[in-house]
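In: Got a predicted structure here, sequence first:
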Amino acid sequence: MVHTKDKFIRLWEFFAWMDRARWSRDDKEYDKQIREMISKASVGVNGNELKPADIVLTHWLTCIFTYGMPAEKVWNNAFPIMAHIAYHYRKGDSCKQIIKEHIELKKSKSNVRKKNFEFHVGQKFRFRHRFGRKHRLKKRVERTLLKLEAYDRNLVTYMLENSKNSPDEKWVKDVYCALDKLTYGNTGKMDDWRKRTWDAL
């Protein structure tokens, strides 16, 4: 488990700085907007019940899909679904249960011979990525949740554990490598780096 408070503060300060640099928003106001967005989506989760670690995991899971489609469509549709998944994952739902309840292989609307994975909460809130099946995005989500079992289902704990011994000039890179390895199973070497992992940071 993580016992180094200064490491947590340093990690939080880095992400806060990145967020301000990208969006130029007040941290509290941005947090409020995220929670309101999730509540309004009516996916069975009250945004105010989400812990900070839930939002971090929601953000990371959503970033798996941020390519090959308009970013606005991904964030408006996938983000609330991932918030629902992150919340119930923390509350104790098994990875197998989450996959069974929220991910289906369905026929394509434009070509009935093709199938794609659909992420959903109930019958109303649904999201399909154009490369969902081809790029095995279901497996990316499933792998992430399974690997986090060893870290109390907490992505923040995972990042801290994998950077706690990193020198100042290298710890951001080590966080990146840990995230990339968590979801994509890569070695962490530069040749394996993915742009959307940096986008997530």
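Out: The structure has been received and is ready for your questions.
In: mind listing what's buried in the helix or strand harbouring Val56?
Out: In this structure, Val56 sits in helix 52-63 according to DSSP states H and E. For helix 52-63, a neighbour-count test (16 or more other CB atoms under 10 Å) marks 53-63 as buried. (Glycine included, C-beta is placed from N, CA and C.)
In: which residues touch Lys73?
Out: For Lys73, the contact set (CB atoms under 8 Å, 6 or more residues apart in numbering) is empty.
In: quick one: the helices in the protein?
Out: 5-23, 27-40, 52-63, 71-90, 95-102, 137-147, 155-161, 171-184, 195-200 (DSSP state H).
In: Same list (those) but as CSV, adding distance to Phe127 and mean pLDDT.
Out: Compiled in CSV, those are given as follows (distance: least, CB to CB, whole Å; pLDDT from 0 to 100):
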stretch, distance to Phe127, mean pLDDT
helix 5-23, 23, 60
helix 27-40, 14, 75
helix 52-63, 10, 90
helix 71-90, 4, 85
helix 95-102, 10, 84
helix 137-147, 10, 88
helix 155-161, 20, 92
helix 171-184, 18, 85
helix 195-200, 16, 54
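In: Include distance to Val121 when you put those into a markdown table, please.
Out: A markdown table is the format used below for those (distance: least, CB to CB, whole Å):
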| stretch | distance to Val121 |
| --- | --- |
| helix 5-23 | 26 |
| helix 27-40 | 11 |
| helix 52-63 | 13 |
| helix 71-90 | 5 |
| helix 95-102 | 6 |
| helix 137-147 | 14 |
| helix 155-161 | 20 |
| helix 171-184 | 21 |
| helix 195-200 | 22 |
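In: of all those, which lies closest to Phe119?
Out: In terms of CB to CB, the element of the helices of the chain nearest to Phe119 is helix 71-90, at 5.2 Å.
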